[in-house]
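# can't give you the sequence, but here's the structure:
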DNA sequence: TTGCTTTTGACAGTTACTCTCATTTCATGG
DNA sequence: CCATGAAATGAGAGTAACTGTCAAAAGCAA
């Protein structure tokens, strides 16, 4: 029988992981991403370089920690069942946004700064968005009583993520900016209305 | 005065570039992407490793050569002006697809094989798709007589690319497969119809 | 304490990529 | 055809992100 993970060991691991992330982000902010070596991070976090790679498979992974997808999915599930899918997603996004603490908010801003400057990170983030299409498609299908791999649900999810990315020039990560949240909301409204063009429509 | 680039030098450069790409793709196919070193490619193409990096900034860039975006944009421009934007894109995609030679077709298939296997490459390809949103948004705005940075056009473009990516599990690169072209077409049809869910609609 | 497992550190090795500098190769005006 | 300048190449040294191995140390159970 394996015992539940609740000992001193687990606590230490969590603390080490957090320390690595904190020091890394600080150094990235101070010196830039490329100029910061893994050795420097390891030294700042008081671990050996080997240990760094045991916690994060690559240097990039320190920055990539998308904790928000599950929250959004949960929020979509919580929306009234009769709401059309795109409206449900809009409403869910607003709900999640309201729940973010100023503290988390600032940490996200820091991540954004790094993202914006480093093309490789943007590329990997993009890949994550593509992966999140599956999540959105799943919950959309679930609400509509369709099989989880329904083609129409996938296309809808893809359109939602695509519209969102296009509306936020800096990627969905920038969603936490209230102004960008407004643009995102407007983009989904357009999508729900069949993507009309031009200034018309009071 | 600078002279037009048409001498022996340019021809040689083009040939070297092509040679690198050819040998690289062959080696990737034979041994896998990660197992193929830049030194091996250089040796196969009969150049020095230094020269490799003068032609391609990174090893990834050898695989990433998206020559199709401009073709699609041109084809969209050639569509009748009264076609609604999504219909114009659908029609343009069909036109471009018809023009691809079996030879190019096979080369694309080879690229796909490498893509599928290598996550880093998928990530970078994704980034290219994001970049191509700008292109699509531009031509859509142009056809509608809107400013090139029109928000609605951007959202529409994002939704189109997003829907396309979601419809083709292997990315837009797999578009050259006729079956996938059909799925892509169906996805855009759904998008044009306002993203309805369920089997309804004869 | 005595064993067992997990985590860690030290170290060596590979490879992508950068920089510098001397040499060669092409272009051109006389 | 030759001299001069510009561009392309090759050689080599250096950096840094990873990988793998192995022995020491730290938490865990009896």
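Structure received. These numbers were taken from a predicted model, which means no experiment stands behind them. Residues are numbered from 1 along each chain as shown, chains lettered A, B, ... in the order given.
# now residue A:198: phi and psi?
phi 90, psi 170 (degrees, to the nearest 10).
# do I have it right that it meets residue B:141?
No. If you go by C-beta atoms under 8 Å, residue A:198 and residue B:141 don't touch, sitting 10.1 Å apart. (Glycine included, C-beta is placed from N, CA and C.)
# more crowded one of these two?
residue B:141 (22 against 11; other C-beta atoms under 10 Å in any protein chain shown).
# once you drop chain neighbours, what's closest to the more buried one?
residue B:153 (4.0 Å; C-beta to C-beta, 6 or more residues apart in numbering or on different chains).
# and the gap between the one you found and residue B:54?
To residue B:54, residue B:153 is 38 Å away according to C-beta to C-beta, to the nearest Å.
# neighbour count for those two, which is higher?
Set residue B:153 next to residue B:54 and count neighbours by other C-beta under 10 Å: residue B:153 wins out with 26 against 11.
# residue contacts, the more buried one?
A:197, B:137-138, B:140-141, B:144, B:146 (C-beta atoms under 8 Å, 6 or more residues apart in numbering or on different chains).
# among these, which are in helices?
B:137-138, B:140-141, B:144 (DSSP state H).
# what helix or strand is residue A:35 on?
Assessed by DSSP states H and E, residue A:35 sits outside every helix and strand.
# which strands or helices does the least confident helix or strand in chain A by mean pLDDT pack on?
When the helices and strands of chain A are scored by mean pLDDT, DSSP states H and E, helix A:102-117 comes last with a mean of 86. When contacts are defined as 3 or more C-beta pairs under 8 Å, 6 or more residues apart in numbering or on different chains; DSSP states H and E, helix A:102-117 packs onto helix A:8-31, helix A:60-63, helix A:119-144.
# so can I have TSV of these showing mean pLDDT and distance to residue A:41?
Shown next, in TSV, are those (pLDDT from 0 to 100; distance: least, C-beta to C-beta, whole Å):
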stretch	mean pLDDT	distance to residue A:41
helix A:8-31	95	5
helix A:60-63	96	8
helix A:119-144	92	15
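# could you point out which of these sits nearest DNA strand D?
Of all those, helix A:8-31 sits nearest to DNA strand D, with 3.6 Å by C-beta to the nearest atom of the strand.
# returning to that earlier point: helix, strand or coil for the residue nearest to residue B:141?
The three-state assignment at residue B:153 reads helix, by DSSP: H, G, I helix; E, B strand; the rest coil.
# with residue A:169 instead?
Residue A:169 - assigned by three-state DSSP - is coil.
# for it, give me phi and psi.
With angles defined as degrees, to the nearest 10, residue A:169 sits at phi -60, psi -20.
# isn't residue A:116 up against residue A:168?
No. Using C-beta under 8 Å as the test, residue A:116 is too far from residue A:168 to be in contact (11.7 Å).
# list the contacts of the residue nearest in space to the middle of chain A.
By C-alpha atoms, centre = their mean, the mean C-alpha position of chain A lies nearest to residue A:66, the distance being 3.8 Å. By C-beta under 8 Å, 6+ apart, the contact set of residue A:66 is A:125, A:128, A:132.
# what's the nearest residue to the second one if we skip its chain neighbours?
If the residues on either side of it in the chain are set aside, residue A:128 comes closest to residue A:66, at 5.5 Å by C-beta to C-beta, 6+ apart.
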